[in-house]
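Q: based on what follows, work out the 3D shape:
(2 chains)
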Amino acid sequence: MAEITPSQTVGPYFAYGLTPRGKYDWKDTFGTDLVTPDASGERIRIEGRVLDGDGLPINDCMIEIWQADAQGRYASPADPRRPNAAFRGFGRAGTDAEGRYGFDTIKPGPVPGLEGNMQAPHVVLAVFARGMLRQSYTRIYFADEAANADDAILTLVPPERRATLVAPKTMAQGRAIYTFDIRMQGEAETVFFEV
Amino acid sequence: MTFFFPTESLRAFPPRLYPDYKSTVKRSPTKPLIIIPHTLSELTGPVYGQDAVQPGDEDLTQQHAGEPIGERIIVHGRVLDEDGRPVPNTLVEIWQANACGRYIHVVDQHPAPLDPNFTGAGRAKTDETGYYKFITVKPGPYPWGNHYNAWRPCHIHFSLFGHAFISRLVTQMYFPGDPLFPFDPIFNSVADERARDRMISSFDLEATIPEWALAFRFDIVLRGRNQTPMES
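A: Predicted structure coming up:
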């Protein structure tokens, strides 16, 4: 047995190393556009803001997402059903001065869940920032999915808090935009998971 | 090989709210976290191979026309899982201040010089034995506004992936014997002394290259155990 190395904050200065985006003399490993030309499925955008306990934007936040492809398969050795596209399902964003982040991706399909049941389509998301000694995990569900009502994870959340995990849909130029704001605290505090 | 991720191991992590580190106060959840079982969504994670790392990305002293000022060091070690097995082919990203304790980030206004020959970012991929190696310069300590006369101990930021989205780790590597340890709330947010010690690299005379660079060893253990308990 080996004991795990503790987490520490990503700090205020990660951007030049993890999200340089041409502003620093370093190459990006991961971006905000997950769509590969060969990926099937509906092209969507996910965007939102990250807000602190005073409702102020967190402008030095890193958001990472992980999702299945449109057929509900993860591009990971731990998923035996390997995708047949280059779609990798991982994205990384840094928030701007207004605390905004956004990803261009495809809508994931339903994913196998517990005891043979399927989970509603969702994206898992981790929040990193100065003032966060470890990442916080949450999930983005899609407002137009009837399957949300029976999702085994969503139903573990008290009903009055579920809405914080369900991204409403708007259309712009023929493309669906799902808005997912992340509130670290307050009345409408986003549900975070212990995983 | 399939892995499971005991949540008990997370006891080694700092709490989300740690008021001595002031910016945790408005940025940590106040409502109870919802405990969920691990599904395929938690048990899978991104895999990035050769294409994520280019030759030279692991040498932070060779990214510019000249060599950076500072104490040249080798930082190396292995990435392991909770069974002590290597985590091969996993991405390791680092970023750090320069030898004067100044980050290249635009927000850092510490009145110490920037080094035109040092960006401070690197990446490497572990080999089949979980081994990685960086060449860099030792970062300096720097002041921050958390409290009166607050200085961060020298550290290098590390970002790792491992086998699943929930084995993802962002941490900081410290240097042995730093006099700032007792005063740093970020370091001391980890309650257990043995766990804190796991964030401190060790001086590695054996890997030190004579006439050239000191070496520091930093082994990193990520969440994840084999699904099948090992025979003892």
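
Q: from here on, contacts and neighbour counts on C-alpha atoms
A: Will do.

Q: spatially central residue for chain B, please.
A: Nearest to the mean C-alpha position of chain B, by CA atoms, centre = their mean, lies B:F158 at 2.6 Å.

Q: now name the helix or strand holding residue 139.
A: Answering for chain A, as no chain was given. Per DSSP states H and E: A:R139 is located in strand A:136-142.

Q: show me what that strand is in contact with.
A: Applying CA atoms under 8 Å, 6 or more residues apart in numbering or on different chains, the contact partners of strand A:136-142 are A:120-128, A:148, A:165-169, A:178, A:180, A:190-195.

Q: sheet partners, orientation included, of the helix or strand following it?
A: Sequence order places strand A:166-167 as the next helix or strand after strand A:136-142, per DSSP H and E. Sheet pairing for strand A:166-167, assigned by DSSP bridges, gives strand A:136-142 (parallel).

Q: beta partners for the residue nearest to the centre of chain B?
A: Going by DSSP bridges, B:F158 forms beta bridges with B:I94, B:T171.

Q: which residues in chain B form strands?
A: Assigned by DSSP state E, the strands in chain B fall at B:3-4, B:34-35, B:72-80, B:91-96, B:121-125, B:131-137, B:142-143, B:151-152, B:155-160, B:169-174, B:202-203, B:214-217, B:220-221, B:225-226.

Q: with mean pLDDT added, can I get these in JSON lines?
A: Formatted as JSON lines, the strands of chain B follow (pLDDT from 0 to 100):
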{"stretch": "strand B:3-4", "mean pLDDT": "91"}
{"stretch": "strand B:34-35", "mean pLDDT": "98"}
{"stretch": "strand B:72-80", "mean pLDDT": "98"}
{"stretch": "strand B:91-96", "mean pLDDT": "97"}
{"stretch": "strand B:121-125", "mean pLDDT": "96"}
{"stretch": "strand B:131-137", "mean pLDDT": "98"}
{"stretch": "strand B:142-143", "mean pLDDT": "96"}
{"stretch": "strand B:151-152", "mean pLDDT": "98"}
{"stretch": "strand B:155-160", "mean pLDDT": "98"}
{"stretch": "strand B:169-174", "mean pLDDT": "98"}
{"stretch": "strand B:202-203", "mean pLDDT": "98"}
{"stretch": "strand B:214-217", "mean pLDDT": "98"}
{"stretch": "strand B:220-221", "mean pLDDT": "98"}
{"stretch": "strand B:225-226", "mean pLDDT": "91"}
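
Q: right, so of these, which gets closest to B:P55?
A: strand B:121-125 (8.9 Å; CA to CA).

Q: so which elements touch the closest one?
A: Counting contacts by 3 or more CA pairs under 8 Å, 6 or more residues apart in numbering or on different chains; DSSP states H and E, strand B:121-125 is packed against helix A:15-18, strand B:91-96, strand B:131-137.

Q: mind putting the ones you listed into JSON lines with mean neighbour count?
A: Output for these, formatted as JSON lines (neighbours: other CA atoms under 10 Å in any protein chain shown):
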{"stretch": "helix A:15-18", "mean neighbour count": "25"}
{"stretch": "strand B:91-96", "mean neighbour count": "25"}
{"stretch": "strand B:131-137", "mean neighbour count": "23"}
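
Q: how about these, which one is nearest B:Q62?
A: strand B:131-137 (8.9 Å).

Q: name the helices or strands packed onto the closest one?
A: strand B:72-80, strand B:121-125.

Q: cutoff 10 Å now
A: strand B:72-80, strand B:91-96, strand B:121-125, strand B:214-217 (3 or more CA pairs under 10 Å, 6 or more residues apart in numbering or on different chains; DSSP states H and E).

Q: B:T136 contacts B:N117, correct?
A: No: if you go by CA atoms under 10 Å, B:T136 and B:N117 don't touch, sitting 11.5 Å apart.

Q: re earlier: any chance of the helices and strands packed on strand B:121-125 in TSV, plus distance to A:A39?
A: Shown next, in TSV, are those (distance: least, CA to CA, whole Å):
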stretch	distance to A:A39
helix A:15-18	25
strand B:91-96	24
strand B:131-137	33
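
Q: among the ones you listed, which is nearest B:T24?
A: Here helix A:15-18 is closest among the helices and strands packed on strand B:121-125 (CA to CA), at 19.4 Å.

Q: after the closest one, next one along is what?
A: strand A:43-51.

Q: and for A:E47, nearest residue in space, chain neighbours not counted?
A: The spatially closest residue to A:E47, leaving aside those adjacent along the chain, is A:G102, at 4.0 Å (CA to CA, 6 or more residues apart in numbering or on different chains).

Q: I appreciate the help and will end here.
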